[in-house]
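**Q** Give me a model of this one.
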Amino acid sequence: MRVLLAWLCLCCGLSAQQPMAPLVGVVVDAEGQAVRDAEVVVYRAEGRGFTCLDLELRNSWRPLAKTKVDKSGRFGLQLPRGLVLRVDVDHPSHAIWRRDELVPGDELRIELAPPCTFRGRLVVAGSGAGVAGELRAWDEKQTELFQGRTDPQGNFAFERLPAGAFTCDIAPDEAMSPEWFQGVLQPGMALEQEFVCSPGVVLTGTVTEFSTGKPIAGARVGEGWTLHKAVVTAADGTYTMRGHGEPGRSTRLVCQARGFVPATFDRERPPTTAVTVDFTLERGVDVTGTIVDSDGKPCEGVYAAVIGVQSNQIPWLPARTDAVGRFVCEGFDHRCLGVLLLRRDGFATSVFALPRPDAQGVVDLGTLKLAPPQVVSGVVLDGRGNPVAGAIVSLRGTNEDLENFAATPPTWGLLALYLGDRYARTDASGTFAFGDVAPGLYTLAFDRMVKATSGQVEIDVAAGKDVTGVRLWRYE
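**A** Alright, predicted model coming up:
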């Protein structure tokens, strides 16, 4: 039966002129019979395709397209090339099927399975009292299975999960996290688990402003760069974190507040008794500008982030442009040399080296134009000339106007890992594509983690001209 191709773009900003590719598949049950009436939903996350330290951006999947399967269980969607996708397949009597890191051009055989349930409770060791918290789990392919909270008594239940092995991270609000749980869900069965959480120690402190000594309300204090177990300061600048001191967790505390330079506190080992840590924060620099398209129209919703290197940290300060295209990234350290990252679907991704602040302590970049996106695409072949599916390809380089405002910072060697290196996976026919490339010089190569030998390909991307038909040879 003919595969029905349809697409629905829900992410404003995707260009109607972008090259498209079909994402096709068939949905069957455990006996291999076609499943009718299943719904296929495709999601897009802006923080994929590069090493992104903004976890909210990386893990925020937005609906991009959806369709129903036909009577043969088949579906097809036309999608812009160069995106990283999540696909969910939902049929009421089966577990929800999900895969991350898919790309347009993939051909999927989706076997739905009986639904499983994972339920249980978080309790505090000694007292047995329930404790509220959050659970997040992923499968062996690193696809997220679920993320959610318990009720106030620590009870949780996640339903319609697929069978198989999974890993679960448990984060109680007021106790220490146990070790990651390694579980296996059996088809159609429920798995029950009680997690006993050590009470840990109580961490308290006060966050104040360096220049005035005034308390800072709304500051966040957490463990490690991810701000694990983050708590928020009250109006008087005080905070309390219960369950601090988990073995195996970072011994670094991080304090962040809007408009201030983040501060850290390091210790050699986790504490065993109640401890007090105070933070004093300095006012940071505002980095601002206005984003327009090639016609000079303001661009709303553009992701702008100021990124630098501060000691052994990578400050990453995000913002979004407003209705007139204006953005403000607050709290950048004036001692840092950094770069500005601009991303929005339907435009080229660009980075700009930042100048020093002016006399008012502000970096105002004025008006910046987003370039239309160019596509860089090609195919990966093995030694026999056969296409290689599932290969990871890196595109290294940046827009040619990186130094439009300032020279490349000396810390670029580290920052390039995040801002000058994108990756894409080849589809079923060995084809790869990068769909957000700005004019500039780039190098195509295999991912650093791939043990393969091949020649790198240097490309020069010009405005208005896609680079297609590139061949990469991979010899194992």
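
**Q** Count the residues that sit near V388.
**A** 18 (other C-beta atoms under 10 Å). No exception for glycine: its C-beta is placed from N, CA and C like everyone else's.

**Q** Then P187?
**A** 13.

**Q** Also the one 3 residues further on?
**A** Applying the criterion other C-beta under 10 Å, we find 15 residues in the vicinity of A190.

**Q** That one against G120, yeah?
**A** No: using C-beta atoms under 8 Å, A190 makes no contact with G120, being 9.9 Å away.

**Q** and D358, what does it touch?
**A** By C-beta atoms under 8 Å, 6 or more residues apart in numbering, the contact set of D358 is D364.

**Q** Name the SS class of it, please.
**A** The three-state assignment at D358 reads coil, by DSSP: H, G, I helix; E, B strand; the rest coil.

**Q** Quick check on it: phi, psi?
**A** phi -80, psi -170 (degrees, to the nearest 10).

**Q** Got the confidence number for it?
**A** Note on D358: pLDDT of 88.

**Q** Ok, A163 next?
**A** 96.

**Q** Likewise for P318?
**A** So P318 comes in at 97 (pLDDT).

**Q** So it is in contact with V302, correct?
**A** No: checked against C-beta under 8 Å, the pair P318 and V302 is beyond contact range at 11.0 Å.

**Q** Would you state the strands of the stretch 301-450 of the chain in chain order?
**A** Applying DSSP state E, counting those that start in this stretch to the stretch 301-450 of the chain gives strands spanning 303-308, 316-320, 326-332, 338-343, 350-353, 362-369, 374-381, 392-397, 421-425, 431-437, 440-446.

**Q** can I assume A95 is in contact with E111?
**A** No: counting by C-beta under 8 Å, E111 is not a contact partner of A95; they are 10.4 Å apart.

**Q** higher neighbour count, those two?
**A** Per other C-beta under 10 Å, whichever of A95 and E111 has more neighbours is A95, with 24 against 16.

**Q** gap between the more buried one and Q456?
**A** 43 Å (C-beta to C-beta, to the nearest Å).

**Q** Please apply the same query to T117.
**A** For T117, the distance to Q456 (C-beta to C-beta) stands at 49 Å.

**Q** More neighbours: which of these two?
**A** Shown here are T117 and Q456; by other C-beta under 10 Å, T117 has more neighbours (16 against 11).

**Q** Backbone torsions only: list them for the residue nearest to the more buried one when sequence neighbours are not counted.
**A** Once flanking residues are discounted, T117 sits nearest to A190: 4.1 Å by C-beta to C-beta, 6 or more residues apart in numbering. A190 adopts backbone torsions of phi -110, psi 140, taken as degrees, to the nearest 10.

**Q** wait, what's in contact with A190?
**A** Here A190 is in contact with 116-119 (C-beta under 8 Å, 6+ apart).

**Q** Repeat the analysis, applying 10 Å as the threshold.
**A** Listed by C-beta atoms under 10 Å, 6 or more residues apart in numbering, the contact partners of A190 are 115-120, 157, 159, 161.

**Q** Among those residues, which are located in strands?
**A** Within those, residues falling in strands by DSSP state E are 116-120, 157, 159, 161.

**Q** Where does pLDDT dip in the chain?
**A** 1-18, 448-455, 476 (pLDDT under 70).

**Q** quick one: whichever helix in it runs longest to strand 338-343, angle?
**A** Assignment by DSSP state H gives helix 412-419 as the longest helix of the chain. Orientation check (axes from the mean of the first three to the mean of the last three C-alpha atoms, to 10 degrees): helix 412-419 against strand 338-343 gives 20 degrees.

**Q** So which residue is dead centre in the protein?
**A** R58 (1.2 Å; C-alpha atoms, centre = their mean).

**Q** Surely that residue touches E101?
**A** No: with contacts counted by C-beta atoms under 10 Å, R58 stays clear of E101, the gap being 11.8 Å.

**Q** Overlap of the contact sets of those two?
**A** What both R58 and E101 touch, as defined by C-beta under 10 Å, 6+ apart, is the set R48.

**Q** isn't H244 right up against A274?
**A** Yes: between H244 and A274 there is a contact at 9.0 Å, judged by C-beta under 10 Å.

**Q** Comparing these two, which residue is more hemmed in?
**A** Between H244 and A274, H244 has the larger neighbour count (other C-beta under 10 Å), namely 24 against 11.

**Q** Just give the nearest non-adjacent residue to that one, would you?
**A** Using C-beta to C-beta, 6+ apart, the nearest residue to H244 is L203, at 4.0 Å.

**Q** Could you do G296 as well?
**A** That would be K369: by C-beta to C-beta, 6+ apart, it lies 7.8 Å from G296.

**Q** hang on, the one you found packs against S294?
**A** Yes: when contacts are counted by C-beta under 10 Å, K369 is listed as touching S294 (6.2 Å).

**Q** which one of those two has more residues nearby?
**A** Applying other C-beta under 10 Å to K369 and S294 shows that K369 carries more neighbours, namely 16 against 11.

**Q** contacting residues for the more buried one?
**A** Contacts of K369 by C-beta under 10 Å, 6+ apart are 290-296, 299, 347, 350, 401.

**Q** next one: E39
**A** 27, 66-69, 75, 88-92 are the contacts of E39 under C-beta under 10 Å, 6+ apart.

**Q** nearest to Q310, of those?
**A** D88 (38.6 Å; C-beta to C-beta).

**Q** What does that closest one show for phi and psi?
**A** phi -110, psi 140.

**Q** Name whatever forms a beta bridge with it.
**A** With DSSP bridges as the criterion, D88 is bridged to V41, R98.

**Q** Just confirm it contacts L64, I think it does.
**A** No: with contact defined as C-beta under 10 Å, D88 does not reach L64; the gap is 11.4 Å.

**Q** List the residues that are in contact with both of the two.
**A** 41-43.

**Q** Narrow the ones in strands among the contacts of A190 to those that are buried.
**A** 116-118, 120, 161 (16 or more other C-beta atoms under 10 Å).

**Q** Need the residues touching each of P318 and V302.
**A** Joint contacts of P318 and V302 (C-beta under 10 Å, 6+ apart) are F327.

**Q** sorry, back to before: the residue nearest to T117 and R425, how far apart?
**A** Counting by C-beta to C-beta - A190 and R425 are separated by 35 Å.

**Q** Same check on F146?
**A** In terms of C-beta to C-beta, F146 sits 24 Å off from R425.

**Q** do G301 as well
**A** Applying C-beta to C-beta to G301 and R425 gives a distance of 27 Å.

**Q** of these two, who's got more company?
**A** Remark: of G301 and R425, R425 carries more neighbours, 19 against 15, as counted by other C-beta under 10 Å.

**Q** dump the residue contacts of that one.
**A** Contacts of R425 (C-beta under 10 Å, 6+ apart): 49, 84, 101-103, 105-106, 380, 389-393, 432, 447.

**Q** cutoff 8 Å now
**A** 101, 103, 390-393, 432.

**Q** what do you get for L395?
**A** Applying C-beta under 8 Å, 6+ apart, we find L395 in contact with 376, 421-424, 434, 437, 442-444.

**Q** One more: P19?
**A** P19 touches 80-81, 375, 377, 433, 435, 466, counting by C-beta under 8 Å, 6+ apart.

**Q** Among those, which one sits closest to L414?
**A** So of the contacts of P19, ranked by how close each gets to L414 (C-beta to C-beta), first place is G435, at 26.3 Å.
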